[in-house]
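Engineer: Fold the following.
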Amino acid sequence: MEQVGPFGDGEGEENDRINSGATRHMESRMYQHRQFPGMVRQKAYIFDGVGNYYIKEWDLTEGIGNEFCWYHVELPKGNQKLAQSAQYLIDVLCPPLKLQDILSLVSNGPFCGHVDGALVFRVNSHGPASSKFTFRIAARVTQNSVITVSLGRVPRLGFSPMGHSLLSEIPSVESTSNNKDEPKEGIPRSVSNLVVHIVDTHIDHLQDVVTKTEIELDSVELELDKGGFALKKQMLDDRRLPKMLLDLQRLLQVIAHGEQVFPRVKEKCASKDWFAPEDVNALEELVGRLRRLKDNVGFIVNRVTAIQAGLDSWQSEQINRKLYYLSFLSIIFLPLSIITGVFGMNVGGVPWTGQRDPELKDGFRNVMFLCLAMLFFVLLCFICPHLYTRFLAWQRRRAMRRSWSLNRKSFLRRTVGFQERGGYLRI
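Structural biologist: Model prediction:
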């Protein structure tokens with residue numbers, strides 16, 4: 001095993017040298033039967049419970065006493081399907097995990113419950129694995145071990161002897177002391193600390209993506225303020241804002257899954273005697289932080305919707321302006337087309353319009369009268385339904401007025417008769 005924090009004195013280094021040959025033999029035997037070697041990134045840690053840790057071999061064993069182990073699997077962020085991801089996990093986690101345990105870690109959707117005696121929770125979104133707005137984090141927690149599965153690199157999740165994150169270039173918290181035997185700050189001292197660390201880094205990852213989205217949205221607004229016709233048209237053609245809205249909806253889905261899962265994780269962990277009360281309170285604070293993050297994403301969605309509405313309004317104005325120019329041109333050329341059409345008519349072949357017959361010398365005038373008659377008939381067809389509708393409305397109002405007058409006279413007659421005869425009015 002590679003030593004990162006001091007586990008004791010020189011005794012540990014001697015044991016490492018003695019067991020190095022057996023460790024290499026066991027690793028070669030484990031990797032020999034894999035179907036997908038190198039397809040997933042994996043890292044194993046063992047913590048001594050006082051602030052020190054080792055990078056250990058991948059054997060999926062649990063810690064003893066105050067020691068606990070953490071095994072992390074990083075699935076590739078590609079276009080593979082869910083079944084392919086399950087095959088990758090089976091390759092690295094089976095045995096000792098069963099198929100039911102592996103499916104509970106890799107399946108999509110929110111989940112929190114006990115599977116085969118271990119607490120399993122996951123926040124896996126349904127989006128494509130290649131999208132940067134698709135987040136998947138799952139964990140299997142026991143008293144002395146934690147197994148986590150993530151999609152892609154999660155910043156600040158793991159630990160490295162160089163002071164850098166296991167899955168990113170962002171530096172982790174280091175001890176300021178020069179004494180190598182002192183425990184390092186930020187290193188989990190219990191399984192409950194490790195669970196809080198995993199949830200915290202997941203929410204930090206979401207916060208980073210939200211911050212980048214806000215920066216991108218600010219740049220879009222600045223471009224729209226300074227840009228002209230070409231930029232706005234290019235943005236509409238690229239459908240940049242609708243794509244951003246779709247990504248934000250995926251992000252809201254992940255946050256909503258976290259709102260469902262993490263409170264249940266807190267409730268189930270609070271019933272465990274090995275889960276520290278201060279870590280339960282830390283989980284409660286993280287849930288509140290997740291809800292505030294959801295409100296922030298909602299504000300961003302409203303901003304994107306407002307910008308898209310402004311672009312749609314601008315596009316409508318451009319279309320209306322083009323239609324105005326087209327209408328102006330039609331106003332100019334329509335009289336000309338009418339004049340050329342009228343005076344370009346050849347009425348020689350039309351009956352009773354013979355130009356050579358002295359009795360029918362007014363054939364052109366007859367054709368014009370015929371055109372006017374047809375025009376009047378067409379206008380009458382459009383006007384008659386309106387006149388017929390108004391006539392029906394007038395007749396309906398007249399009938400209602402007449403009915404109200406008859407009812408009033410009948411009511412007065414019955415009332416006067418009641419006052420003369422005395423007694424009750426029949427209803």
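
Engineer: From here on, just use CA atoms for contacts and neighbour counts.
Structural biologist: Noted.

Engineer: Now do stretch 393-404, average pLDDT.
Structural biologist: Mean pLDDT, stretch 393-404: 82.

Engineer: Can you point out the buried residues in that stretch?
Structural biologist: Buried residues in stretch 393-404, defined by neighbour count with 16 or more other C-alpha atoms under 10 Å: none.

Engineer: For the stretch 1-150 of the chain, which segments count as strands?
Structural biologist: Assigned by DSSP state E, counting those that start in this stretch, the strands in the stretch 1-150 of the chain fall at 2-3, 41-47, 53-55, 68-75, 109-115, 118-124, 136-141, 145-151.

Engineer: export those strands to CSV and tack on mean pLDDT?
Structural biologist: As requested, the strands of the stretch 1-150 of the chain are exported to CSV (pLDDT from 0 to 100):
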stretch, mean pLDDT
strand 2-3, 42
strand 41-47, 87
strand 53-55, 84
strand 68-75, 88
strand 109-115, 87
strand 118-124, 88
strand 136-141, 89
strand 145-151, 88
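
Engineer: Would you reformat the ones you listed as TSV and include distance to R397?
Structural biologist: Converted to TSV, the strands of the stretch 1-150 of the chain look like this (distance: least, C-alpha to C-alpha, whole Å):
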stretch	distance to R397
strand 2-3	97
strand 41-47	82
strand 53-55	91
strand 68-75	76
strand 109-115	62
strand 118-124	65
strand 136-141	68
strand 145-151	72
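
Engineer: Identify whichever of those lies nearest to V210.
Structural biologist: strand 136-141 (16.2 Å; C-alpha to C-alpha).

Engineer: strand partners of that closest one, parallel vs antiparallel please.
Structural biologist: strand 118-124 (antiparallel), strand 145-151 (antiparallel) (DSSP bridges).

Engineer: Please name whichever of these is nearest to I137.
Structural biologist: Proximity to I137, assessed across these by C-alpha to C-alpha, is greatest for strand 145-151 (4.6 Å).

Engineer: next structured bit after the closest one?
Structural biologist: helix 191-226 (DSSP states H and E).

Engineer: re earlier: same list, the strands of the stretch 1-150 of the chain, but as a markdown table with mean neighbour count please.
Structural biologist: Formatted as a markdown table, these follow (neighbours: other C-alpha atoms under 10 Å):
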| stretch | mean neighbour count |
| --- | --- |
| strand 2-3 | 14 |
| strand 41-47 | 20 |
| strand 53-55 | 23 |
| strand 68-75 | 24 |
| strand 109-115 | 18 |
| strand 118-124 | 23 |
| strand 136-141 | 24 |
| strand 145-151 | 22 |
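
Engineer: Which one of the ones you listed lies nearest to A270?
Structural biologist: Smallest distance to A270 across those (C-alpha to C-alpha): 12.1 Å, for strand 118-124.

Engineer: Distance to L206 for the strands paired with strand 136-141 - can I get that in TSV?
Structural biologist: Putting these into TSV (distance: least, C-alpha to C-alpha, whole Å) gives the following:
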stretch	distance to L206
strand 118-124	12
strand 145-151	13
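
Engineer: what's the burial count for Q315?
Structural biologist: If you count neighbours by other C-alpha atoms under 10 Å, Q315 ends up with 16.

Engineer: In terms of helices and strands, where is it?
Structural biologist: Q315 belongs to helix 277-343, assigned by DSSP H and E.

Engineer: separation between the closest residue in space to F68 that isn't next to it in sequence and Y324?
Structural biologist: In this structure, F68 finds its nearest non-sequential neighbour in N144, 4.4 Å apart by C-alpha to C-alpha, 6 or more residues apart in numbering. As judged by C-alpha to C-alpha, to the nearest Å, N144 and Y324 stand 75 Å apart.

Engineer: Let me know whether R156 touches I203 as I believe.
Structural biologist: No. If you go by C-alpha atoms under 8 Å, R156 and I203 don't touch, sitting 11.1 Å apart.

Engineer: Count the residues that sit near the residue nearest to C269 when sequence neighbours are not counted.
Structural biologist: Closest residue to C269 apart from its sequence neighbours, by C-alpha to C-alpha, 6+ apart: F275 at 6.1 Å. When neighbours are counted by other C-alpha under 10 Å, F275 registers 19.

Engineer: Tell me which of R156 and I203 has more neighbours.
Structural biologist: Counted by other C-alpha under 10 Å, R156 and I203 do not tie: R156 has more neighbours, with 24 against 19.
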